[in-house]
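Participant: quick one, fold the following:
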Amino acid sequence: MMDNDIEYMKAIEQAKVNLSDARERGEDALGESWVDIRAELFTPEEIAASNLRVAIMLELTKARHDKKISQRELESLSGVKQPIISRMESGTTSPQLDTVLKVLGALGKTLYVGDIVKIPTAQPSKTV
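Facilitator: I've put the predicted structure just below:
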């Protein structure tokens, strides 16, 4: 075996040990909560922007469901292709504003600019 093969085999064995350990510890294996991890990785502004994008896409999806129309039907109404609508709803894309407005308009909705309402956010848990 070459050195790379040996290292690869060691890594596989370590991964097996880690997986076994994680299975034994269950939820405790995950460590910190998502709130803690997110607070370490992102600024408050990034978190707020992400929350806003999620809220808009959830409202868009809710509006489509409330009207009982499929993504295909929304494509016909809005001119936005169904795969793009799907990616918007699943959060796997960050659509341009004009795309969001086309879809919302077809649903009888729009965006408006208003004052920001401060909503208390979950604070990272304190480790004792």
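
Participant: what about Q71, neighbour count?
Facilitator: 18 (other C-beta atoms under 10 Å). Heads up, the C-betas are built off the backbone N, CA and C, glycines and all.

Participant: is it true that it touches R64?
Facilitator: Yes - at 7.3 Å, Q71 counts as touching R64 under the criterion of C-beta atoms under 8 Å.

Participant: joint contacts of the two?
Facilitator: Taking C-beta atoms under 8 Å, 6 or more residues apart in numbering as the contact rule, Q71 and R64 both touch E89.

Participant: show me what contacts the residue sitting nearest the centre point of the chain?
Facilitator: Residue closest to the average C-alpha location in the chain (C-alpha atoms, centre = their mean): G91, at 5.4 Å. Applying C-beta under 8 Å, 6+ apart to G91 gives the contacts 53-54, 57.

Participant: helix or strand: which one has R87?
Facilitator: helix 82-90 (DSSP states H and E).

Participant: just to revisit the earlier point, among the contacts of G91, the buried ones, what's the ChimeraX command?
Facilitator: Buried members of the contacts of G91, defined by 16 or more other C-beta atoms under 10 Å, are picked up in ChimeraX with:
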select :57
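
Participant: okay if I get the contacts of G91 as TSV plus secondary structure, distance to E13 and pLDDT?
Facilitator: Formatted as TSV, these follow (DSSP: H, G, I helix; E, B strand; the rest coil; distance: C-beta to C-beta, whole Å; pLDDT from 0 to 100):
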residue	secondary structure	distance to E13	pLDDT
R53	helix	41	87
V54	helix	39	89
M57	helix	42	92
